[in-house]
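> the amino acid sequence is not available; the structure is as follows:
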């Protein structure tokens, strides 16, 4: 009988071992497969980014293996001790623990989970710790360099806390086994546990070790007061410093004394004194908490400003440092509102770049007018600057991206999704301040292939394989036996075969890998895939950059530009952030930020280059040591410098913080008597805070340029509607990131944007027209209200759009422009007419221009209307043909539409441009022949 049981147990043991080995091999294979896919994914982005992967993997592996081995030894030793002590008890678990295999398996399982937690916590902070830098700034309380708090302290604190957490688990684990052994026992119960000396000693030793380790955490606990809250701000306040800091200083010694006395009483079997001794610790915590409450309520609160003043000054100073707003240039803005006709003439460059085209309405128009085919989409619009015929010009730009979800149901098949409809095509570009006579965007770059006019940049490689709209898992297979759809030429599709650097070759191994990774067996069996075929992955620009450079935070809004060679490039801003800057106010979960890098991604090849922008940032210096060669410490490409913008995301954070931290005195800061908030506006009939916006302005404080490209925001006093100031940050490369704040005289009422909105509502003429449009089957859309500073005066500009309330596909039309200045409010057809009406100057003086050729942007006569009528008629017919799938008719109407556009362009040139300019313009009308085939 015994032999049979032995054979059964032996067989079961053998089966268990085999099962464990099989499971381990499967887990290892899955893990290896996952690592290899990640490796390939980074290799597709660029070979140098693989080094980031291997650096992180190496450190993570070392941390994981080291922590696993240490924790395994810890658990095994504890299990061994429990086994030895529990054997006389003969509990249910004692029988199992006698087996060495059980001890090993149990320790391995516990160690896997514990080491995963520990290694993940430690490895993220270790790399920064190992390459730490100094900031050259000391914290005001402990006198340590800020680099200690950013790089060193997080690692040491996580290390100590990890050890403490693991030992707590060990302590609970040991007690749990003892509890089960005593509870599930025929002769004993849980009460017997307290009477078993060996068991009690083991558990108490575990507790003693835990509290001994706990004593080492108080050093970091005392430093944590620098991140606490007082008087509504971050940092160590009066109570933190005079109560909690002093407690944290003595707490380790108190705890170790309690531990030592408890051991002495335990050895002498004096359990009651031991219990009273241990109770001293929680009683002390409660007592300190009560003292803290008393000091705060009866010492600090009645005299809060006096008590907290020194610490308020620390918060003021260190918050400004952390958000890089300490060196904001400040100047007075008198708001005299004394502009003359000469001032208007001298500031034409500014006025010609005022944004009267609204983002939402323009995006709708882009999709309706330039979508061309049903599978294209415009996802987002960005503002950038170009030098067009020697004139700085702000333009709206949007790429025409592929949207496979818009394909007709009959075209929704695997071949089309993966092999045929693979890329977007070109981009559209329009100026900020001009529309056609129909109130639609006036395109500088449009159509397929892209047509550039009036000096706009020519796009020579228009294909967009990497963009904003792609999902994280989107992929395409190119260079196959079937060609890709490129664009419509006449009545037929022109085809294309990808010849760029992007993608990975689909050899047999990669076929297998990606078939498994994408759960797509077609990759393995498709006859279209040849030895030259490549798979394009990581096609979402933001995700692509984040995957390549995972240690930085990247903006969610990349913007598209045309480089000097006519290629489309994405630019994406990257930030270094931290939550550990002492005495700095937290905003959106961080309390330190720098725009340290800009990433450039080729829309055709997918090439990623990350350029250093802020050499003074210690965090980026640290990362450059960790990952050498990943961030390029070289000049930003010359042909892209002109087009960079200061990121709206960063400026919004900085301007929010600056609204509260612009003050110099602790008194104003404490009382919030001069706290600024973003001005508000009525946008699409709803009140909302104004978002930062881009302008060309003449700023004396930025003398490097006659006209400065800036992002700006107007402020109002918190709780009031009158404007107090405006803040601007330079986008120009020469002054990049430099900020200037213009303050209005405190004794003078300056209209805020919401007050301007009220004046518009109360103007009988304007109100009447808006009401009539609303009642006449149209929706009135009130665009963004923009404050435009010129000299020492302010213009307030708001576009008015109308759209049909009955047609879902109605395109918003810019109907009117409202201009408010001083005590005047007017609504006219365009900004030039507004200026003429407000300043009582001749229309030829106020007239704004279409660009270098001097074309009026809102012309209306019979000849022009006839051309537009034909154009609209052909466009409608084009849409019908597209919906019906009648591609012959579609090609005919496309040709007719191109002819209409040529007539319109010829009309504009003949009516307003000089012969010389017209010759230049005609030469630039169509650059489709230059498109790379």
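Everything's here; your move. None of these values were measured; they are calculated from a predicted model.

> from here on, contacts and neighbour counts on C-alpha atoms
Noted.

> I'd say residue 456 and residue 388 touch.
Yes. Taking C-alpha atoms under 8 Å as the contact criterion, residue 456 and residue 388 are neighbours in contact, 5.8 Å apart.

> these two: who's more crowded?
Summary of the neighbour comparison: residue 456 and residue 388, criterion other C-alpha atoms under 10 Å, with residue 456 having more neighbours (22 against 16).

> doesn't residue 597 fall inside a helix?
No. Note on residue 597: no helix contains this position according to DSSP: H, G, I helix; E, B strand; the rest coil, which reports strand.

> contacting residues for it?
Taking C-alpha atoms under 8 Å, 6 or more residues apart in numbering as the definition of contact, the neighbours of residue 597 are 573, 574, 575, 610, 611, 612, 613, 614, 631.

> so which residue is dead centre in the chain?
Centroid check for the chain by C-alpha atoms, centre = their mean gives residue 555 as the closest residue, at 3.2 Å.

> show me what contacts the nearest residue to that one once chain neighbours are set aside?
In space, and not counting its chain neighbours, residue 555 is closest to residue 573: 5.5 Å by C-alpha to C-alpha, 6 or more residues apart in numbering. With contact taken as C-alpha under 8 Å, 6+ apart, residue 573 is in contact with 554, 555, 558, 595, 597, 598, 599, 647.

> circling back to that earlier point, give me the subset of the contacts of residue 597 lying in strands.
Assigned to strands by DSSP state E, the following of the contacts of residue 597 qualify: 573, 574, 575, 610, 611, 612, 631.

> tell me the one among these nearest to residue 116.
Checking the ones in strands among the contacts of residue 597 against residue 116 with C-alpha to C-alpha, the nearest one is residue 575 at 28.3 Å.

> for the closest one, which residues make a bridge with it?
residue 553 (DSSP bridges).

> that one: what's it in contact with?
552, 553, 554, 555, 593, 594, 595, 596, 597.

> now flag whichever of those residues is closest to residue 754.
Top of the list for closeness to residue 754, among the contacts of residue 575 and by C-alpha to C-alpha, is residue 555 at 30.0 Å.

> now the closest one: how far from residue 577?
Relative to residue 577, residue 555 is positioned 12 Å away (criterion: C-alpha to C-alpha, to the nearest Å).

> let me know the closest of the contacts of residue 597 to residue 81.
When the contacts of residue 597 are compared against residue 81 (criterion: C-alpha to C-alpha), the nearest one is residue 575, at 50.8 Å.

> returning to what we had before: export the contacts of residue 573 as CSV, with columns for pLDDT.
Shown next, in CSV, are the contacts of residue 573 (pLDDT from 0 to 100):
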residue, pLDDT
554, 98
555, 96
558, 97
595, 98
597, 98
598, 98
599, 98
647, 98
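
> of those, which pair is most distant in space?
So, the contacts of residue 573 by C-alpha to C-alpha: farthest apart are 558 and 595, at 14.1 Å.

> tell me the domain ranges of this structure?
Here the domain parsing of the chain from automatic domain parsing is 46-216, 218-322, 476-536, 540-644.

> nearest to residue 670, out of the ones you listed?
domain 218-322 (7.0 Å).

> for that closest one, measure first residue to last.
With C-alpha to C-alpha as the measure, the ends of domain 218-322 fall 26 Å from one another.

> just the mean pLDDT for it, thanks.
Here domain 218-322 scores 94 as its mean pLDDT.

> do the same with stretch 822-831
Throughout stretch 822-831, pLDDT has a mean value of 94.

> again with stretch 446-458
Model confidence over stretch 446-458, given as mean pLDDT, is 93.

> isn't residue 423 up against residue 465?
Yes. Between residue 423 and residue 465 there is a contact at 4.8 Å, judged by C-alpha under 8 Å.

> name the nearest of the ones in strands among the contacts of residue 597 relative to residue 534.
Nearest to residue 534 among these is residue 610, at 24.7 Å by C-alpha to C-alpha.

> chain neighbours aside, what residue packs nearest to residue 315?
Using C-alpha to C-alpha, 6+ apart and skipping residues adjacent in sequence, the residue nearest residue 315 is residue 583, 4.9 Å away.

> okay, now that neighbour: neighbour count?
30.

> now do it against residue 183, distance only.
With distances defined as C-alpha to C-alpha, the gap from residue 583 to residue 183 amounts to 52 Å.

> got it, and residue 378?
From residue 378 over to residue 183 (counting by C-alpha to C-alpha), the distance is 69 Å.

> these two: which is more packed in?
Neighbours per residue, other C-alpha under 10 Å: of residue 378 and residue 183, the larger number sits with residue 378, 25 against 18.

> remind me, longest helix of this protein?
helix 2-45 (DSSP state H).

> in the following helix or strand past that one, what counts as buried?
Remark: after helix 2-45, the chain's next helix or strand is helix 47-86, criterion DSSP states H and E. By neighbour count on 16 or more other C-alpha atoms under 10 Å, the buried set for helix 47-86 is 48-53, 56, 59-60, 63-65, 67-68, 71-76, 78-80, 82-83, 85-86.

> ok, stretch 225-239 next?
Taking 16+ other C-alpha under 10 Å as the basis for neighbour counts, the residues of stretch 225-239 that come out buried are 225, 226, 227, 230, 231, 233, 234, 235, 236, 237, 238, 239.

> returning to that earlier point: sort out which one of the contacts of residue 573 lies nearest residue 130 for me.
Ranked by distance to residue 130 (C-alpha to C-alpha), those are led by residue 597 at 22.1 Å.

> residue 713 versus that closest one, what's the distance?
For residue 597, the distance to residue 713 under the criterion C-alpha to C-alpha works out to 24 Å.
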